[in-house]
Structure formats: C-alpha cells, structure tokens
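1. Structure of the sequence below:
(2 chains)
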Amino acid sequence: MIKNDPIIVANDLTIAYELHRERKKLVALQNINLEVDPGEFVVLVGPSGCGKTSFINAISGLVPKASGSVTVRGSEVTGPGPDRAMVFQDYALLPWRTVESNVRMPFEFQDLGISEAEKNKRVKECLELVDLTGFEKSFPYELSGGMKQRVGIARALITSPDILLADEPFAAIDAMTREAMQAEMERIVMETGQTCVFITHSIDEAILLGDRVIVISYRPGKIKEVVNVNFPRPRMNNSDVKTSKEYAELRDHIWNLVKDEASQTNRGE
Amino acid sequence: MAATKNKSLQQFDTDDPNRIQDIGWTFKEVWRRARGTVVVSINLITFFILWELVVIYADINPLFLPKASEMFAELWVGLTTRAPEGAVFSGSILDHFLHSFNNLMFGLALACLIGIPGGLLMGGNKYIEAILSPYVWALASLPRIALVPLFILFLGFTTKMQVTIIVISAVFPIMINSWAGVKTTEKSLLAAARVFGANRVQLYVKVVLPYTLPFIISGIQQGIGRGLIGVVIAELFGGSSGLGYLIQRSADTFNTAMTFAVLLLLIVMSLSLINFTRWLEAYVAPWRNVNHI
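-> Numbers count the residues shown, from 1 in each chain, chains lettered A, B, ... in the order given. Next up, the predicted model:
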C-alpha cells in the first residue's frame, strides 16, 4: 500500500508561555518535528509539565505557537475547527446540560450544513457507540466518572472529526473502569478509522493503545524517542499481548526513558 | 414483581425501562420528606410554649418581655386591620409591612438592574474592571450605615432616601458575585466550547452566563439580607412609616408586644425571601449541591 500524506505535521514547533510575575518566558515545547499519518494512533508520554498538553492544544488551535508551524491536511492551524475534536481529562461537560444536549453542543457552535434530522441521528448513533443509550436526559452530575468521559467521547465524535485529540482522558477514572474505557477507545478508533493523538501518564495505556509512542523530555519539551508498537489489534482483550516478552521489554524500555525525565521533574529542573 | 425489585441494577440493560424503579409513596418515603418540617414545627411550638410559661411563672414585667400569646395577638390584629382612609398615622402592622416590603422589592430590583450588568461587564472586560473595581471595593467595604446621614441630607426623610439606602446596601454583593462568577468560570469548559467552535458571543451566552447564574442568585440572596438591614436602618433614622419606624414607635410607647411582633415578622420575611432564593439556586443549578437532592 502506498503511504498516505501525513495528516498532521508539526514543523519546528516551539511554544512558550509568558510568566509575567517573573518577567520570563517559559519554553514549554522546543523544536518539535512530528508527522502523523491518517488513521494512526499516536501516544505522547512524558513527565508532568513537559508540554504534552501544549502540543495537543497547538493542534486543536487553542494555544498560539511561538515559532514553527502545525499543519493539518496541509493547511496551517490558526484556531479550532470541526476537523479536530478533543476529549478532556476533567470531562469538561457543561453541568447545566443533559447528556444529549452536551453531545449536541458542537452542532450548535458550528454550522456544518447538516439537517436537524441528521443531527438527531448522529446524536443517537454516538450515544449508542459509547453505550449511553437510555441516559440522554441525565445530567453529568448524575453519572459516574467513566460515564461522564463516555459523554465526552461521544461529544468529540459527533461531528465525525478526522482527528481525535485526547488529553489524559482516563487519568481521573478508577483502574477497573479505565481498562474498559481503553478497550472502548480502541474499538471506537478502529471502527471510525480516526487519527488519534493521545496523552497519558500510563505506560501500559500507551503501549496498548498506540501505534507509536512518543517520549517527550522534561522542560523544554523535546522528542526524546519515538517507539513503534507493532502488536496486532484489538489488543485490549487479548491477554497474549500483555503477557508477551516483547510487551515487557517495550514497557521496560519506555519506563527507563520516562524515569530519567521524571527524576528531573522531582529535582525541580 | 418482588423478584424484579431485588434484582441488582447491574443486571439491567441500559435501555431497559425497569432500570429506573418507582419507589412510590410508602410510609417511609412520606416520613423522609416530611421529617424536616415536623421536627422544625415541634421545635418552634415548644419554644413558644416555654416562652409563655417563663413569662407567666417567672413573673417578668411585660414591659420587657411580653407573653408569646400577646405577641401573636398583636401580630394578628396588626395584620388584619388597616388604617382608615386619610389617617395621619397608622398603627396597622400590615400598612407598615407593605411600605417596607414594597421599598425592599423596588430597591432589590434596582440593585439587580445595576449590579448584574455591572458585575458581568467587570468580569468580561479587564478595562472596565480596572476602572470600576477600586470604587466598588471602596463602597462595598464602607459600612453602609455611615452613609445614611448623607442621604438624609441629600434626599430628606423620603421614600426615595429609604430606597437609595436599600439599593446601596444590596447592590454590591450582587455585583461582586456576578463578577466573581464570570471570573471563575471553569477554564476547561471554556476550552471545550472553543475547541468545538464557539465564538466570543457563544462563549458568553452559552458558557459564562449559565455558569454565573447561580453566583448571581447567591448574590441576590446576600443582597436581600443587606437590603433588609438597609430598610430597617433607613426607617429607624428617618421616616414615618415602615417596619423600622414601627419598632421605634412601639418601643417608645411601651408597646413591647408590638415590637416583638414586628421583629418576628421581619424574621419570617427575611427567611422566606432567603429560602426562596435558595430554592431558586438549587432549581437552576442542581449540579452545585448534589447532596441536597
């Protein structure tokens, strides 16, 4: 098969934040070069404060970049767009809206030229996809953490975006629910064929979900190593993967990469 | 049926209508709901009976503490009679209550009209915030009672003066709460709305405003408390009508039962208004206080 053009290209991307109080600029990410192919699942791992979130926000268009560029399908990212959607760590659901209304939110904000009937159908499909049928009229505060995040995922899928961005989506979810959510994430991305950029602190999560795991170093964030993961999918309910020798080796390898960086975090730079 | 009831929730499919079961009106359910009211009623009735007995048996001078029954009698008479047309002075509690209540409502409405847009603008625009905030903090931190002589000087012993004091008392909690609501809108909600394509107007209308609504209501709740202080103070200082005036007058004429009756009425009015806003807050923003549901 011929290799497709990459869908996301980061070219020498640098992101800096101004710390007004200290009259300094904090470089969160420095000279990031990365290409993501369509349909690829890329996972970013790295210590807290290494700029993973900045990277994902640069792709979503939330954060202005200091220099370099991010392009999606060849055009420069200048702001959010319907081709990209995001799943947030703290769910970020509007608490005054029902599940259905939260999922429908992207349709309200952007005019995609879709008929009302088509919108209703999409909402129904997406809620079905994340297994939330029957909870349309519930409010987020009535749901468990795992269910809230499924609403978050449904909302991200509603406009059928090409790119799904996820910022530690399962970090606040208990371990048992998390495994189920990872399996669902893998299934959904396999079904929809979306490109996914995913941040996590969990190395297991990174290996189980990612086609490529990108290890980012501590401040300023640079790409330390790109690790390819070649296990067949679906991996989540396949116990052979987790018990295999390669899995253990891969885990060790990534852990060693992250460990050095994490110890730097603890020293406070 | 019994088998269905014992089935654990996990066994239901998500689209099974039996998943949400009707509890119905069992005795336990009725008691669970009525418990609070029953306990409060018994508590209050006991309190007033004890009051009555203490006054009778401890032989307390009714000038200082009237019997509870006398207070209620005074309240009943005061609320069921009105001054005749053209009377110079009314001894009717109802007349004075209506005067105070109308002033309070009018003052609160004005305070909302000034405070809510003011607070929203301050939260939404950093220039307006920078210009207005020193004055807002200065006036909010000044004990409002200190301004009363000045307003009497400006406006005389008029209803206008009384309303002005109510507005100046109530406007700042409303303004500061609205302001705080806008400023504390959760960043992740704003980020989410922006990612999904919200423009500036949509961001304000669909995220910031609904988020701020419960803040505004709790500002109004604080405003009611402050406004009531304003009502009483304005009427104590200057005026010939209103509950504050009636407290003064009844105490001056040694009608202590009426003084107590008016105080009780003030408590009931204040609690009713505050409970109404509490209910309103819980109604518009149930997510903020899940434990109460």
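2. Can you tell me which residues in the stretch 151-269 of chain A are near chain B?
-> Counting by CB under 8 Å from any CB of the partner chain, the residues of the stretch 151-269 of chain A close to chain B are A:155, A:159. No exception for glycine: its C-beta is placed from N, CA and C like everyone else's.
3. In the stretch 151-269 of chain A, which residue sits nearest chain B?
-> residue A:155 (7.4 Å; CB to the nearest CB).
4. and that residue, how many neighbours?
-> 29 (other CB atoms under 10 Å in any protein chain shown).
5. With residue A:22 instead?
-> 8.
6. quick one, helices of the stretch 1-150 of chain B?
-> B:2-6, B:27-57, B:68-80, B:93-124, B:126-141, B:148-155 (DSSP state H, counting those that start in this stretch).
7. So for chain A, which of those helices sits nearest?
-> helix B:126-141 (13.5 Å).
8. May I see the buried residues of the closest one?
-> For helix B:126-141, burial by neighbour count (16 or more other CB atoms under 10 Å in any protein chain shown) applies to B:129, B:132, B:136.
9. Pull the number of nearby residues for the closest residue in space to the first one that isn't next to it in sequence.
-> Spatial nearest neighbour of residue B:129, excluding adjacent residues (CB to CB, 6 or more residues apart in numbering or on different chains): residue B:122 at 4.5 Å. The local packing of residue B:122 (other CB under 10 Å) involves 24 other residues.
10. Determine which residue belonging to the stretch 101-250 of chain A approaches chain B most closely.
-> residue A:110 (3.5 Å).
11. so the nearest residue in space to that residue that is not next to it in sequence, which of the three states?
-> Leaving aside its chain neighbours, residue A:110 sits nearest to residue B:197 (3.5 Å; criterion: CB to CB, 6+ apart). Following DSSP: H, G, I helix; E, B strand; the rest coil, residue B:197 is assigned to coil.
12. What backbone torsions are found at residue B:197?
-> phi 100, psi 10 (degrees, to the nearest 10).
13. mind listing what it touches?
-> Residue B:197 is in contact with A:80-82, A:106, A:109-110, counting by CB atoms under 8 Å, 6 or more residues apart in numbering or on different chains.
14. Tell me the one among the residues you listed nearest to residue B:28.
-> residue A:106 (44.5 Å; CB to CB).
15. Next, residue B:260: secondary structure please.
-> Residue B:260 ends up helix, using three-state DSSP.
16. Distance of it relative to residue B:254?
-> As judged by CB to CB, to the nearest Å, residue B:260 and residue B:254 stand 13 Å apart.
17. Quick check, pLDDT for residue 156.
-> As the question left the chain open, I've gone with chain A. With respect to pLDDT, residue A:156 has a value of 88.
18. Chain B, not that one
-> Reading off the model, residue B:156 has pLDDT 86.
19. Residue A:223 now?
-> Looking at residue A:223, its pLDDT stands at 80.
20. who's in contact with it?
-> Neighbours of residue A:223 in contact, by CB under 8 Å, 6+ apart: A:32-34, A:214-217.
21. Of those, grab the buried ones for PyMOL.
-> The PyMOL command for the buried members of those (criterion: 16+ other CB under 10 Å) is given here:
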select buried, chain A and resi 32+34+214+215+216+217
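22. Redo the contacts of residue A:223 as TSV? Include pLDDT and secondary structure.
-> Converted to TSV, these look like this (pLDDT from 0 to 100; DSSP: H, G, I helix; E, B strand; the rest coil):
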residue	pLDDT	secondary structure
A:32	82	strand
A:33	85	strand
A:34	85	strand
A:214	88	strand
A:215	86	strand
A:216	85	strand
A:217	81	coil
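23. Neighbours of residue 101, how many?
-> Since you didn't name a chain, this refers to chain A. Residue A:101, neighbours per other CB under 10 Å, totals 16.
24. that answer is for a different chain, and I need it for chain B
-> 16.
25. What sits closest to it if chain neighbours are left out?
-> residue B:269 (7.0 Å).
26. Tell me which helix or strand the one you found sits in.
-> helix B:256-284 (DSSP states H and E).
27. for chain A, which residue is closest to the average position?
-> A centroid search over chain A (CA atoms, centre = their mean) returns residue A:166, at 2.0 Å, as the residue closest to the centre.
28. which residues touch that residue?
-> A:56, A:86-87, A:156, A:185, A:196-199.
29. quick one: which of those residues sit in strands?
-> A:86-87, A:196-199 (DSSP state E).
30. Looking at those residues, which one is closest to residue B:42?
-> Nearest to residue B:42, judged by CB to CB, of the ones in strands among the contacts of residue A:166 is residue A:87 at 52.6 Å.
31. who's in contact with the closest residue to residue A:45 other than its chain neighbours?
-> Once flanking residues are discounted, residue A:45 sits nearest to residue A:206: 5.0 Å by CB to CB, 6+ apart. Residue A:206 is in contact with A:43, A:45, A:200, A:213, A:254, counting by CB under 8 Å, 6+ apart.
32. Nearest to residue B:32 among those residues?
-> Scanning the contacts of residue A:206 for proximity to residue B:32, where the rule is CB to CB, the winner is residue A:200, at 44.1 Å.
33. Just the pLDDT for that closest one.
-> 89.
34. I figured it was touching residue A:171, is that so?
-> Yes. The criterion here is CB atoms under 8 Å, and residue A:200 meets it with residue A:171 at 7.5 Å.
35. higher neighbour count, these two?
-> Neighbour comparison, residue A:200 and residue A:171: the larger count goes to residue A:200, with 24 against 15 (by other CB under 10 Å).
36. Cool, thanks, talk later.
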